[in-house]
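Asks: build me a model from this:
(2 chains, ligands or ions: 2)
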Amino acid sequence: MTDVTSGANMAPKPKTSLLVQDARTKRRNAAEARFRTYGVVAITIAMLALVGLLSSILYNGSSAFRQTFITLDVYLDPAKLDKDGSGDIAKIAKVTTFGYAPLIKKSFEAEFEKSGIGVDGMKSKDAAKMISKEGPAELRRFVLAHPHMIGETVTFEFLASGRIDGYYKGRVTMKSAEIDKNVSPQQLQLADQLKAAGLLETKWNWGFLTRADASENRPEAAGLGVAILGSFYMMIVVLCLALPIGVATSIYLEEFAPRNWITDVIEVNISNLAAVPSIVFGILGLAIFINFAGLPQSAPIVGGLVLTLMTLPTIIIATRASLKAVPPSIRDAALGVGASKMQAVFHHVLPLAAPGILTGTIIGLAQALGETAPLLLIGMVAFVREFPGAPPEGFFDPAAALPVQVYNWTQRADPAFVERASGAIIVLLVFLLCMNAIAILLRRRFERRW
Amino acid sequence: MYDASNPGVTLEQTDIKIAANKVQVYYGETHAIKDVNIDIQEKTVTAFIGPSGCGKSTFLRCLNRMNDTIDICRVEGDIHLDGEDIYDKRVDPVQLRAKVGMVFQKPNPFPKSIYDNVAYGPRIHGLARNKGELDEIVEKALRRGAIWDEVKDRLDAPGTGLSGGQQQRLCIARAIATEPEVLLMDEPCSALDPIATAQVEELIDDLRARYSVVIVTHSMQQAARVSQKTAFFHLGNLVEYDDTANIFTNPRDERTESYITGRIG
Ligand SMILES: Nc1ncnc2c1ncn2[C@@H]1O[C@H](COP(=O)(O)OP(=O)(O)OP(=O)(O)O)[C@@H](O)[C@H]1O
Ligand SMILES: [Mg+2]
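Replies: Ligands and ions are numbered 1, 2, ... in the order given. Next up, the predicted model:
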């Protein structure tokens, strides 16, 4: 039958013009145009979502990097700080933070007298409340560090309280101040006067990156220092454990292991591990590292170990993929000139796979850096005021982590923490961007070698 | 089928370098090489010819145990190099491959510099005591590989940046840089122009003075030009193995005759 039809088709084909598209070509081109439109639409939606997300975070969070400070001349009154004039540091240390509050009050009084600013009916006690609760504590720390300054007048830059800071960031208005028991309209008026006198300034705030977290009622003093250090320590642990273990595992599985059911089972399990919800790793870490191995809670070492478990499958899968992508002819070539299997892998295969391995590792690290759930379970959510020590002991000290800090701050009632949470997200994003940039740079470097 | 006891084939005159006895190769269920017996002689060029897919490459790869790297591949029978069973448990394939070098069907230079490509083998086998010696080995190998003149000014350029034919000659240079005793060449000239082909054939002729060379080729003329012995494979069988002159002028098997006259292939 086919013979018959093909015979019928033998009739001479009519000549067609190349300048006119036939129906088939038109349909094909239309399909292609449609497909391209879908692509453009999808990318546009994705870009819009991204821009929306980023701009909202930037809008909310960029103010966290600026903070309002009040500059005052403080007389370090010996009558209050060093009653017997002995200069004995142990005795000076007995004066608590409360003992320093009157000094600030006095400074305001002196300032009112000197420059004539002040709001009618407002007491210096209320003015002192414009300073962060952290203010007296900072003053005390300064005095303990420089006891010889007692008796002198020092110019000190205090953090303004969260409400005053909020006034200059648009969070607090005269109207809201009337019904707010933490701030009064008089205080805001005084703040404006201080600003006019050049004593109050909203400026770049390194403290957001270097300070430790602060309690609920002093958002202005809260910083990411401990969280950044904690995350950094955890990343070191993850990098030092996950990269060598992951790469060694992949090389063994890909290049040396016999193909049998055992390796098949291992392979399936690794793929499955990559899909295990991260909180499960947290439970595992809690059970093994804390309850069984007795490692301390909230410590970067435990966080790092848990994140290592989580990152390993990612690194193994990426490494195996890039090992697989190295053409087998390279292995043959090396073996053919009498290289051992190990030499073939380490001299030829691994350098070619390195860009892929590095990319996989950095993606894994980036994932680990942003991971929150497992860290909650091992106690990284605790409120940590103290910076962890230097490595290696520091790995065992309590610390926070960036994403957990974000989570923490979003839980707090004071609206000033919204800005700080968004600011922390910005810091996290900047770190992720840096890591990706490093990944790209490394890949470029390695690729240029060939 | 070829029969080793056939009085028409006289193997006793020269030393036997490689002796294969009842070799079977399976890829999983596929029986790729069926009961092959062959004696490859010292200081001789042996050509393997046969239609595509008949198992020439497979058999060649048995001779330096490159088939070990293929998981599903199983080799039975025994192959002796200088009287020693190369599939013996005590044999380290790495040591074997230093003695039995190989040039692959597809050019596969390392993605490294031309110099490093050639220097790699001598380096890992410790053939050079210093940089000067290594330079010498590299230059000699590149000259014998008939590629020296084209690359002498860019030894630092990547080997993968060469043309296909240049790459193949680089691979030949790489293989002979380690001074193997047997050189296995799988269609070394399939990507070469006639001039380079002539150069490689000249090289093969040179090598014959010291080594045995086994060359797989699809070109009857090439087999006739370079080889002293020719083996004809068909569907995994070694159909005929004889002096090249006999194969081409007076084949005993009709399949051989059909193939060399172009009727099957
Ligand atoms: N890695 C492999 N896995 C499975 N089967 C294979 C493999 N390599 C070769 N074969 C099979 O073994 C048989 C012989 O292949 P081989 O490569 O030896 O042929 P050849 O004679 O070299 O052919 P060509 O002249 O085209 O190179 C073929 O049927 C092929 O399909
Ligand atoms: Mg072949």
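Asks: just the pLDDT for residue A:360.
Replies: Residue A:360 carries a pLDDT score of 89 in this model.
Asks: try residue B:96
Replies: For residue B:96, pLDDT reads 91.
Asks: how about residue B:119, what does it touch?
Replies: Neighbour list for residue B:119: B:128, B:134, B:137, B:138, B:177 [criterion: Cβ atoms under 8 Å, 6 or more residues apart in numbering or on different chains]. All C-beta spots, glycine's among them, are computed from the backbone N, C-alpha and C.
Asks: nearest residue to the residue nearest the centre of chain B other than its sequence neighbours?
Replies: Residue closest to the average C-alpha location in chain B (Cα atoms, centre = their mean): residue B:184, at 1.7 Å. Among residues not flanking residue B:184 along the chain, residue B:102 sits closest, at 4.5 Å (Cβ to Cβ, 6 or more residues apart in numbering or on different chains).
Asks: from residue A:206, how far off is the one you found?
Replies: Shown here: residue B:102 relative to residue A:206, a distance of 64 Å by Cβ to Cβ, to the nearest Å.
Asks: kindly report the same for residue B:176.
Replies: 66 Å.
Asks: so residue B:162 touches residue B:173, yeah?
Replies: No - taking contacts as Cβ atoms under 8 Å, residue B:162 lies outside contact range of residue B:173: 11.3 Å.
Asks: okay, the two: which has more neighbours?
Replies: Under the criterion of other Cβ atoms under 10 Å in any protein chain shown, the comparison of residue B:162 against residue B:173 puts residue B:173 first, with 27 against 21.
Asks: returning to that earlier point: what's the closest of the contacts of residue B:119 to chain A?
Replies: Chain A has its nearest neighbour among the contacts of residue B:119 in residue B:177, at 7.9 Å by Cβ to the nearest Cβ.
Asks: please tell me I have it right and the closest one contacts residue B:121.
Replies: Yes - the criterion here is Cβ under 8 Å, and residue B:177 meets it with residue B:121 at 5.1 Å.
Asks: any common contacting residues for those two?
Replies: Joint contacts of residue B:177 and residue B:121 (Cβ under 8 Å, 6+ apart) are residue A:337.
Asks: what comes up buried for stretch B:132-150?
Replies: Going by neighbour count (16 or more other Cβ atoms under 10 Å in any protein chain shown), the buried part of stretch B:132-150 is B:134, B:137, B:138, B:139, B:141, B:142, B:144, B:145, B:146, B:147, B:148, B:150.
Asks: secondary structure class for the fourth one?
Replies: Put simply, residue B:139 is helix when judged by DSSP: H, G, I helix; E, B strand; the rest coil.
Asks: low-confidence ranges, the stretch 351-450 of chain A, go.
Replies: The stretch 351-450 of chain A contains residues with pLDDT under 70 at A:448-450.
Asks: gap between whichever residue of it sits closest to ligand 1 and residue A:317?
Replies: Closest approach between the stretch 351-450 of chain A and ligand 1, counting by Cβ to the nearest ligand atom: residue A:352, at 21.5 Å. Separation of residue A:352 from residue A:317 (Cβ to Cβ): 18 Å.
Asks: same check on residue A:33?
Replies: 37 Å.
Asks: which of these two has more neighbours?
Replies: residue A:317 (19 against 9).
Asks: would the more buried one count as being in a helix?
Replies: Yes - checked against three-state DSSP, residue A:317 lies within a helix.
Asks: contacts only, for the residue lying closest to it once chain neighbours are set aside.
Replies: Counting by Cβ to Cβ, 6+ apart, the nearest residue to residue A:317 once its immediate chain neighbours are dropped is residue A:274, at 6.0 Å. Going by Cβ under 8 Å, 6+ apart, residue A:274 touches A:313, A:314, A:317.
Asks: pLDDT added to those, as CSV?
Replies: What follows is the contacts of residue A:274, written out as CSV (pLDDT from 0 to 100):
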residue, pLDDT
A:313, 92
A:314, 91
A:317, 93
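Asks: buried ones in the one helix or strand residue B:205 maps to?
Replies: Residue B:205 is part of helix B:194-207, with elements assigned from DSSP states H and E. Buried residues in helix B:194-207, counted by 16+ other Cβ under 10 Å: B:196, B:197, B:199, B:200, B:201, B:203, B:204, B:207.
Asks: and these as JSON lines, adding pLDDT and distance to ligand 1?
Replies: JSON lines is the format used below for the buried residues of helix B:194-207 (pLDDT from 0 to 100; distance: Cβ to the nearest ligand atom, whole Å):
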{"residue": "B:196", "pLDDT": "81", "distance to ligand 1": "20"}
{"residue": "B:197", "pLDDT": "88", "distance to ligand 1": "17"}
{"residue": "B:199", "pLDDT": "83", "distance to ligand 1": "23"}
{"residue": "B:200", "pLDDT": "85", "distance to ligand 1": "18"}
{"residue": "B:201", "pLDDT": "90", "distance to ligand 1": "19"}
{"residue": "B:203", "pLDDT": "84", "distance to ligand 1": "21"}
{"residue": "B:204", "pLDDT": "89", "distance to ligand 1": "18"}
{"residue": "B:207", "pLDDT": "85", "distance to ligand 1": "22"}
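Asks: from those residues, pick the one nearest chain A.
Replies: residue B:207 (16.1 Å).
Asks: so that closest one sits right up against residue B:183, yeah?
Replies: Yes - using Cβ under 8 Å, residue B:207 is in contact with residue B:183, at 6.1 Å.
Asks: now for these two: what residues contact both?
Replies: B:176, B:213.
Asks: right, and the helix or strand after the helix or strand harbouring residue A:251?
Replies: Assigned by DSSP H and E, residue A:251 falls within helix A:225-251. Sequence-wise, the next helix or strand downstream of helix A:225-251 (DSSP H and E) is helix A:261-274.
Asks: avg pLDDT for that following helix?
Replies: Here helix A:261-274 scores 90 as its mean pLDDT.
Asks: list the buried residues for it?
Replies: Neighbour-count burial for helix A:261-274 [16+ other Cβ under 10 Å]: A:267, A:270, A:273, A:274.
Asks: what pLDDT is listed against residue A:238?
Replies: pLDDT, read off for residue A:238, is 93.
Asks: what's it in contact with, if anything?
Replies: Residue A:238 touches A:304, A:307, A:308, A:311, A:364, A:365, A:368, counting by Cβ under 8 Å, 6+ apart.
Asks: can we see that at 6 Å?
Replies: A:304, A:307, A:308, A:311, A:368 (Cβ atoms under 6 Å, 6 or more residues apart in numbering or on different chains).
Asks: try residue B:45
Replies: Contacts of residue B:45 by Cβ under 6 Å, 6+ apart are B:204, B:208, B:213, B:226, B:227, B:228.
Asks: measure the first one to residue A:64 for me?
Replies: Separation of residue B:204 from residue A:64 (Cβ to Cβ): 75 Å.
Asks: what does the second one give?
Replies: If you measure residue B:208 against residue A:64 using Cβ to Cβ, the figure is 80 Å.
Asks: residue B:118 contacts residue B:139, doesn't it?
Replies: No - checked against Cβ atoms under 6 Å, the pair residue B:118 and residue B:139 is beyond contact range at 8.8 Å.
Asks: flag every buried residue along stretch B:50-64.
Replies: Result for stretch B:50-64 [16+ other Cβ under 10 Å]: buried residues B:50, B:54, B:55, B:56, B:57, B:58, B:59, B:60, B:61, B:62, B:63, B:64.
Asks: can you map out the strands along the stretch 51-200 of chain B?
Replies: Assigned by DSSP state E, counting those that start in this stretch, the stretch 51-200 of chain B shows strands spanning B:73-81, B:84-85, B:100-103, B:182-186.
Asks: got a list of what the closest residue to residue B:169 other than its chain neighbours touches?
Replies: Beyond its immediate neighbours in the sequence, the residue positioned closest to residue B:169 (Cβ to Cβ, 6+ apart) is residue B:147, lying 4.1 Å away. Residues in contact with residue B:147 (Cβ under 6 Å, 6+ apart) are B:166, B:169, B:170.
Asks: same thing but 7 Å
Replies: Applying Cβ atoms under 7 Å, 6 or more residues apart in numbering or on different chains to residue B:147 gives the contacts B:166, B:169, B:170, B:173.
Asks: and what of residue B:32?
Replies: Here residue B:32 is in contact with B:25, B:26, B:55, B:58, B:236 (Cβ under 7 Å, 6+ apart).
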